[in-house]
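Student: coordinates only, no sequence provided:
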């Protein structure tokens, strides 16, 4: 019995050693497959000392790779929390400027000890392989994306490293995995449910590794019977960050929500020409501002055509109407350009400007609301928090790059306040020296900033729904209602909408605007009219 146990223990040890050796080998292989290379670059190291005022002894030495004083983060990392805290609170030492003893002075001073040049090795990450999606057998033309026959999905692998190739592409669709032993793979599509079918795909490289596993949604719906056979076919839509087959609306990607088959409703559309975006609404507020600024002569009207609240009366509006029509359409080229660049519905953008400011970009009705889209302090907070790519571009224009590096939430309170103020200033087009009292060039530029704000709001709405339902937004709500939620979020704030969404879901009611709007609290119900007017 003991001999058997002894033999078994020896075999177990041998097996563990062998397994451990295989594991170690696998780890070594994994390390060898890291997409990294080492390059040698010129460098300069600047030596700084933190010295105590009391006895002139060095408390900390640190070497940095840039000119100027060490940054806060560098001092914290090299010298520790205690020295860093003392350094930050050290007041100026007046005795030092007077040539007197610095013994009474608390804290540290920074001393530049010199620098040296040299060369150092830097590890650089190399780009990984990727896979792109297109289709063949149909030329998709938004917004309908109509095909007379079901096309094929094309997956194209891309290997950025020279002398390496894509060896295989894998795709899982409807629970079935297919593999193509090449860098291009064509998959025959089939009709899908209304919500589409999920896909997962990735590529193998001759380098020995694989791309990340990408995901997406593919929808193939029959168009229905028509008297005209040329109108019978299929609506085909693809949602994936890897899609290269044509433009896709940005927020649809965020929500993973398809527009209605055949294209979105008119209020969520983007016309092909500027003329199709034109409007001729009788805006009384805009007319009042044009009269007040002297751009329209209404002197033959009682009270110069103005009501006590600054709006135009019937006579003033009649005098201002030609200018009102011209003014409300002058931003159309920029709206159309920005909507195409960012993948936002142009009509929706224009509707938002109409409801918020009636296209008057200056401050008048509410002092703390700015520009065409009436940006508030809370609105600026939403843009900077929920639009990470915009934050990364905008923040370094206002604050030091090292302060921006950790993101908006990690900024100090005063830094966030400065950033919000800078953004509000960028969209405020008031101009004392301009003929109309507003800088129209600046107003045109601000269209892009407001569009970034719309993207931020649709991202926040998506996360609000994920938090409430633990589901992808497109699985529990429609594309149109997700946009209505975004309008409510933009106008009323995230608190109003989040409460209504969580309440609706907890009551197991459908997550649509009809139900969610009934759970808005009394102070928030003003957004109902705003959403209805903006989504018509």
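Tutor: Arrived safely, thanks for sending. Keep in mind it's a predicted model, so treat the numbers as computed, not measured. Numbers count the residues shown, from 1 in each chain.

Student: centroid residue for the chain?
Tutor: The residue lying closest to the centre of the chain (C-alpha atoms, centre = their mean) is residue 387, at 3.4 Å.

Student: pretty sure that one is touching residue 452, no?
Tutor: Yes - counting by C-beta atoms under 8 Å, residue 452 is a contact partner of residue 387 at 5.4 Å. Where C-beta positions appear, they are placed from N, C-alpha and C, glycine not excepted.

Student: next, give phi and psi for the residue nearest to the centre of the chain.
Tutor: phi -120, psi 80 (degrees, to the nearest 10).

Student: give me the nearest residue to it, chain neighbours excluded.
Tutor: Leaving aside its chain neighbours, residue 387 sits nearest to residue 456 (3.8 Å; criterion: C-beta to C-beta, 6 or more residues apart in numbering).

Student: what number of residues lie near that neighbour?
Tutor: The burial count assigned to residue 456 is 25, neighbours taken as other C-beta atoms under 10 Å.

Student: show me this protein divided up by domain.
Tutor: Here the domain assignment for the chain is 38-124, 130-248, 274-534, based on automatic domain parsing.

Student: rewinding a little: just say helix, strand or coil for the residue nearest to residue 387.
Tutor: Secondary structure, DSSP: H, G, I helix; E, B strand; the rest coil: residue 456 is helix.

Student: try residue 325
Tutor: Of the three states, residue 325 takes helix according to three-state DSSP.

Student: which ones are touching the residue nearest to the centre of the chain?
Tutor: 452-453, 455-456, 459 (C-beta atoms under 8 Å, 6 or more residues apart in numbering).

Student: the closest residue to residue 108 other than its chain neighbours: what secondary structure?
Tutor: Closest residue in space to residue 108, ignoring its immediate chain neighbours: residue 50 at 4.4 Å, by C-beta to C-beta, 6+ apart. Under the three-state scheme (three-state DSSP), residue 50 adopts strand.

Student: hang on, isn't residue 50 packed against residue 107?
Tutor: No - at 9.2 Å, residue 50 does not count as touching residue 107 under the criterion of C-beta under 8 Å.

Student: quick one: which of those two has more around it?
Tutor: Remark: of residue 50 and residue 107, residue 50 carries more neighbours, 23 against 18, as counted by other C-beta under 10 Å.

Student: ok, of the contacts of residue 387, which come out buried?
Tutor: Using 16 or more other C-beta atoms under 10 Å as the burial test, those include 452-453, 455-456, 459 as buried.

Student: now the strands for the stretch 151-300 of the chain?
Tutor: 152-158, 166-173, 176-180, 184-188, 197-205, 214-222, 234-239 (DSSP state E, counting those that start in this stretch).

Student: tell me which of these sits most buried.
Tutor: Among these, strand 234-239 has the highest mean neighbour count (mean count of other C-beta atoms under 10 Å), at a mean of 23.

Student: quick one: strands adjacent to that strand?
Tutor: strand 146-147 (antiparallel), strand 214-222 (antiparallel) (DSSP bridges).

Student: can the ones you listed go into TSV with extra columns for distance to residue 160 and mean pLDDT?
Tutor: Listed next are the strands paired with strand 234-239 as TSV, based on distance: least, C-beta to C-beta, whole Å; pLDDT from 0 to 100:
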stretch	distance to residue 160	mean pLDDT
strand 146-147	32	94
strand 214-222	16	96
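
Student: could you dump these into TSV and include distance to residue 497?
Tutor: Below are those laid out as TSV (distance: least, C-beta to C-beta, whole Å):
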stretch	distance to residue 497
strand 146-147	35
strand 214-222	25
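
Student: any low-confidence regions in this structure?
Tutor: In the predicted model of the chain, residues 1-32, 225-229, 364-367 satisfy pLDDT under 70.

Student: next up, phi/psi of residue 132, please.
Tutor: Torsion angles at residue 132 (phi, psi; degrees, to the nearest 10) stand at phi -110, psi 150.

Student: beta-bridge partners for it, please?
Tutor: Beta-bridge partners of residue 132, as defined by DSSP bridges: residue 156.

Student: that one and residue 153 touch, don't they?
Tutor: No - Residue 132 lies out of contact with residue 153 (C-beta under 8 Å); the separation is 11.2 Å.

Student: hang on, the earlier thing: what's the most buried one of the domains of the chain?
Tutor: Mean neighbours per residue, mean count of other C-beta under 10 Å, is largest over those for domain 274-534, with a mean of 18.

Student: quick one: end-to-end distance for that one.
Tutor: Chord length of domain 274-534, first to last residue, is 19 Å (C-alpha to C-alpha, to the nearest Å).

Student: now that domain, how far from the centre of its chain.
Tutor: What separates the centre of domain 274-534 from the centre of its chain is 16 Å, taken as C-alpha atoms, centre = their mean, to the nearest Å.

Student: can you pull out the helices in the stretch 301-450 of the chain?
Tutor: Assigned by DSSP state H, counting those that start in this stretch, the helices in the stretch 301-450 of the chain fall at 314-329, 332-342, 346-357, 377-386, 388-394, 401-404, 413-427, 440-469.

Student: okay, the angle between the fourth one and helix 440-469?
Tutor: Angle, helix 377-386 to helix 440-469, by axes from the mean of the first three to the mean of the last three C-alpha atoms, to 10 degrees: 70 degrees.

Student: which residues does helix 377-386 contact?
Tutor: For helix 377-386, contacts defined as C-beta under 8 Å, 6+ apart pick out 368, 373, 375, 390-391, 394-395, 408-409, 416, 419-420, 423-424, 449, 452-453, 456-457, 459-460, 463, 489-490, 493-494.

Student: could you tell me the angle between that helix and helix 413-427?
Tutor: Angle of helix 377-386 versus helix 413-427, following the same axes, to 10 degrees, is 110 degrees.

Student: could you measure from the residue nearest to residue 409 when sequence neighbours are not counted over to residue 398?
Tutor: Leaving aside its sequence neighbours, residue 409 sits nearest to residue 385 (C-beta to C-beta, 6+ apart; 6.9 Å). Applying C-beta to C-beta, to the nearest Å, the value for residue 385 to residue 398 is 15 Å.

Student: what does residue 420 give?
Tutor: Separation of residue 420 from residue 398 (C-beta to C-beta): 10 Å.

Student: ok, residue 139 next?
Tutor: As judged by C-beta to C-beta, residue 139 and residue 398 stand 44 Å apart.

Student: swap in residue 415?
Tutor: 9 Å.

Student: what do you get for residue 390?
Tutor: Relative to residue 398, and taking C-beta to C-beta, residue 390 is found at 13 Å.

Student: what do you get for residue 294?
Tutor: Residue 294 sits 35 Å away from residue 398 when distances are taken as C-beta to C-beta.

Student: and the helix or strand that residue 135 is a member of, what other elements does it pack with?
Tutor: Using DSSP states H and E, residue 135 sits in strand 130-136. Strand 130-136 sits against strand 152-158, strand 197-205, strand 214-222, strand 234-239, with contacts defined as 3 or more C-beta pairs under 8 Å, 6 or more residues apart in numbering; DSSP states H and E.

Student: now for the second one, which elements pack on it?
Tutor: Using 3+ C-beta pairs under 8 Å, 6+ apart as the contact definition, the elements that strand 197-205 packs against are strand 130-136, strand 152-158, strand 166-173, strand 214-222.

Student: who are the contact partners of residue 234?
Tutor: Residue 234 makes contact with 146-150, 191, 220-223 under the criterion C-beta under 8 Å, 6+ apart.

Student: if you set the cut-off to 6 Å instead, what comes out?
Tutor: Going by C-beta atoms under 6 Å, 6 or more residues apart in numbering, residue 234 touches 147, 150, 220, 222.

Student: try residue 289
Tutor: Residue 289 sits next to residue 360 when contact means C-beta under 6 Å, 6+ apart.

Student: just residue 505 next, same as before
Tutor: 468-469.

Student: what do you get if the cut-off is 8 Å, keeping everything else the same?
Tutor: Counted by C-beta under 8 Å, 6+ apart, residue 505 has contacts 468-469, 511.

Student: is it in a helix, a strand, or coil?
Tutor: Residue 505 - assigned by three-state DSSP - is helix.
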